[in-house]
Structure formats: C-alpha cells, structure tokens
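Trainee: Coordinates only, no sequence provided:
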C-alpha cells in the first residue's frame with residue numbers, strides 16, 4: 001500500500017508555490033514580501049480570524065486547488081472522507097493571551113464574543129474544515145520542532161487505517177509579539193500544506209503523484225533516529241534538516257536548512273520541508289529526500305523520506 005503527496009500549497013513570505021519555495025531555498029536568500037490573506041481568500045470572513053488561522057486558510061486553499069480536490073470553489077471528492085491535520089506550536093497564542101489578560105483585568109464580561117471561539121486550540125484545523133466542508137478526522141498537533149513531520153506521519157496513519165481517503169496537512173506559524181517572546185525571536189509568519197492520498201485513489205481521480213512517502217522514524221536524538229531510518233531506506237540524495245543536525249548527516253550531500261532562509265518555523269518546519277522537497281522533485285532533482293525535524297537539544301526528533309514518483313510501468317520499491 002503506497003501513499004503519495006498529490007498537492008502542495010505554500011503561503012510563505014515571497015513564496016506562493018512549491019516551485020518558488022524550492023527556488024528561494026536554492027539561492028539561500030529570503031525573497032521578501034509578506035503573505036496577504038485577503039488577496040488569496042478575499043476579505044469576506046477574515047475580520048475576526050487570528051493571523052495563524054488566516055495563513056492556514058491560505059495554504060489550505062492553495063493545496064486543495066493544486067491537488068484537484070477543489071475546482072471552481074467546490075470539492076471534487078467526498079468531504080466526509082477528507083481529513084484535516086494542522087501542526088502549529090504557537091498558533092493562536094496571541095488570542096489566548098489576550099483573552100486571559102482581559103479576564104484577569106475585566107472579568108469574563110470584558111471578553112469579546114468574537115474572541116471566544118478563536119481561543120480554541122483547534123481553531124485553525126476547525127476553520128479549514130468548516131470553510132470547505134472537510135468532515136473527516138480533524139486534528140491539531142502542537143508537538144515541538146518535530147510536530148510537522150509528526151503530522152505527516154499521522155496523516156499517513158489515517159490513510160492506512162481507512163479513516164480517510166484524502167488528508168490535508170497544514171503547518172503554520174504566525175509572527176507576532178507574543179509568539180516572538182515565547183521563542184526568543186521572529187518566526188516565519190507563513191504556512192505550507194500538502195495533500196496525502198493512496199496512490200490508487202490518486203490514479204482513480206486522475207491526480208498527479210508528486211512524491212511517494214517512504215519510511216519515518218521518531219526518537220530522542222538525531223544520530224539514532226537517522227540510524228533507524230537507514231536500516232530500511234536507500235541512501236539519501238539530499239537532506240532537509242536544521243543546521244544543528246548537520247554533524248549527524250552523511251557528508252558530501254546537499255543540506256537544506258529552511259530556518260536559514262525564513263527564520264524559526266517551529267511546528268510548521270516538517271510540512272514546509274515536505275513542500276520544498278516536492279518542489280525540488282518537480283524540478284527534476286534526484287531522490288530520495290531525507291527530512292529531519294528536531295535536534296539533540298529538543299524533546300524529540302522525527303524523520304521522513306520522500307521518494308520521486310515511479311515512472312509508469314516500473315515496479316515500485318516496497319515501503
């Protein structure tokens with residue numbers, strides 16, 4: 001049973017597609033600019049949504065369109081079989097802190113009724129599901145630097161268990177004063193998303209398989225987690241990993257550190273890595289791509305392998 005990436009959505013400063021993301025990463029320079037949600041989604045319905053939710057909606061709309069799950073504003077697949085997973089460690093923390101401060105200063109009567117629903121920890125995933133009628137499993141992951149790759153892993157698990165036929169995975173982090181205070185510096189202020197499907201489901205609806213999902217591992221240190229991956233996967237062609245993980249990586253291969261271009265990505269890291277790797281594969285890069293999120297100083301490390309699509313008539317390697 002093979003699982004694949006069939007769509008990529010990008011809403012990062014200066015990058016609005018997998019191609020633009022991969023190109024910016026190749027140059028190692030921040031392309032500049034900011035994401036303008038109203039330009040992507042229209043102004044209607046954005047007024048009371050926090051920045052993280054707006055960014056997540058932008059990436060979700062782009063990935064739904066890119067994958068063919070959305071056409072002319074309508075779903076092309078069964079919404080009850082479409083899941084949403086969002087990874088974000090900071091997410092709506094600005095809204096939560098504002099509500100808490102208001103309650104402390106003025107009591108509950110001072111809280112705006114528009115703020116109350118936005119204080120839910122699951123607000124980003126819920127808003128994406130509500131906007132497009134995605135009624136499958138709905139999950140929010142807030143699991144440290146490894147959270148984005150964890151979300152990909154959980155998305156694959158939903159497909160494998162038969163809980164969903166299509167999974168929208170979004171990684172998003174906002175850049176605001178409260179979030180900066182928690183991480184000690186600026187964040188990316190952007191989002192990326194991928195659609196995961198069984199290859200059979202993708203082929204049945206005529207979707208393009210952009211990458212095949214290989215093995216994944218989860219551990220406490222980079223070297224040990226990569227070692228487990230090496231037992232079941234072929235040698236990487238390139239790494240997508242934090243700079244701090246470099247000493248544990250095989251020498252002589254390209255290492256792409258997204259934080260060096262966009263700053264702290266936190267819970268969005270793994271999904272942005274996935275989007276960038278797919279952009280590179282789209283451009284003809286060799287695979288497989290090995291993705292690493294988390295370092296030895298974090299509370300966990302996750303890895304994932306993305307393989308190039310298999311040409312027609314070629315027998316794929318077992319996962």
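Mentor: Noted; the coordinates are in hand. Here the structure is a predicted model, which means the values were calculated and not measured. Numbering: from 1, shown residues only.

Trainee: How about stretch 55-74, which residues are buried there?
Mentor: Residues of stretch 55-74 classed as buried by neighbour count (16 or more other Cβ atoms under 10 Å): 55-64, 66-70. For glycine as for every other residue, the C-beta is placed from the backbone atoms N, C-alpha and C.

Trainee: So what touches whichever strand or helix holds residue 202?
Mentor: Residue 202 belongs to helix 199-204 when assigned by DSSP states H and E. Here helix 199-204 makes contact (Cβ atoms under 8 Å, 6 or more residues apart in numbering) with 2, 3, 4, 6, 165, 166, 208, 209, 212.

Trainee: how much space between the closest residue to the fifth one other than its chain neighbours and residue 256?
Mentor: Across the structure, with Cβ to Cβ, 6 or more residues apart in numbering as the measure, the residue nearest residue 165 apart from its sequence neighbours is residue 81 (4.2 Å). As defined by Cβ to Cβ, to the nearest Å, residue 81 lies at a distance of 34 Å from residue 256.

Trainee: In terms of neighbours, single out the busier of the two.
Mentor: Set residue 81 next to residue 256 and count neighbours by other Cβ atoms under 10 Å: residue 256 wins out with 20 against 17.

Trainee: That one is in contact with residue 25, isn't it?
Mentor: Yes. Counting by Cβ atoms under 8 Å, residue 256 touches residue 25, with 5.5 Å between them.

Trainee: Filter the contacts of helix 199-204 down to the buried ones, ChimeraX style.
Mentor: Buried subset of the contacts of helix 199-204, written as a ChimeraX selection, criterion 16+ other Cβ under 10 Å:
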select :2,3,4,6,165,166,209,212
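
Trainee: Which of the contacts of helix 199-204 scores worst on pLDDT?
Mentor: pLDDT across these is lowest for residue 2, at 91.

Trainee: Assess the claim that it and residue 212 are in contact.
Mentor: Yes. Using Cβ under 8 Å, residue 2 makes contact with residue 212 at a distance of 5.9 Å.

Trainee: what's around residue 270, how many residues?
Mentor: Number of residues near residue 270 (other Cβ under 10 Å) recorded here: 32.

Trainee: which non-adjacent residue is nearest it?
Mentor: residue 148 (2.5 Å).

Trainee: ok, now which ones touch the one you found?
Mentor: Applying Cβ under 8 Å, 6+ apart to residue 148 gives the contacts 87, 171, 265, 267, 268, 269, 270, 271, 272, 273, 274, 293.

Trainee: quick check, nearest of those to residue 115?
Mentor: Among these, residue 267 lies closest to residue 115 (Cβ to Cβ), at 22.2 Å.

Trainee: For residue 36, see how far away the closest one is.
Mentor: 22 Å.

Trainee: Next: residue 196.
Mentor: For residue 196, the distance to residue 36 - Cβ to Cβ - is 28 Å.

Trainee: what about the helices in the stretch 201-319 of the chain?
Mentor: Under the criterion DSSP state H, counting those that start in this stretch, the stretch 201-319 of the chain carries helices at the ranges 222-230, 259-262, 269-282.

Trainee: scratch that, the stretch 1-150 of the chain
Mentor: For the stretch 1-150 of the chain, applying DSSP H, counting those that start in this stretch gives helices covering 18-27, 37-41, 51-67, 93-106, 123-132, 147-161.

Trainee: which stretch in these is the model least sure about?
Mentor: If you rank the helices of the stretch 1-150 of the chain by mean pLDDT, helix 93-106 sits at the bottom with a mean of 83.

Trainee: buried residues in that helix?
Mentor: Neighbour counts using 16+ other Cβ under 10 Å place 93, 94, 95, 96, 97, 98, 99, 102 of helix 93-106 among the buried residues.

Trainee: Identify, from these, the entry nearest to residue 185.
Mentor: Closest to residue 185, out of all of the buried residues of helix 93-106 and judged by Cβ to Cβ, is residue 93, at 15.1 Å.

Trainee: so that closest one makes contact with residue 181?
Mentor: No. With contacts counted by Cβ under 8 Å, residue 93 stays clear of residue 181, the gap being 9.5 Å.
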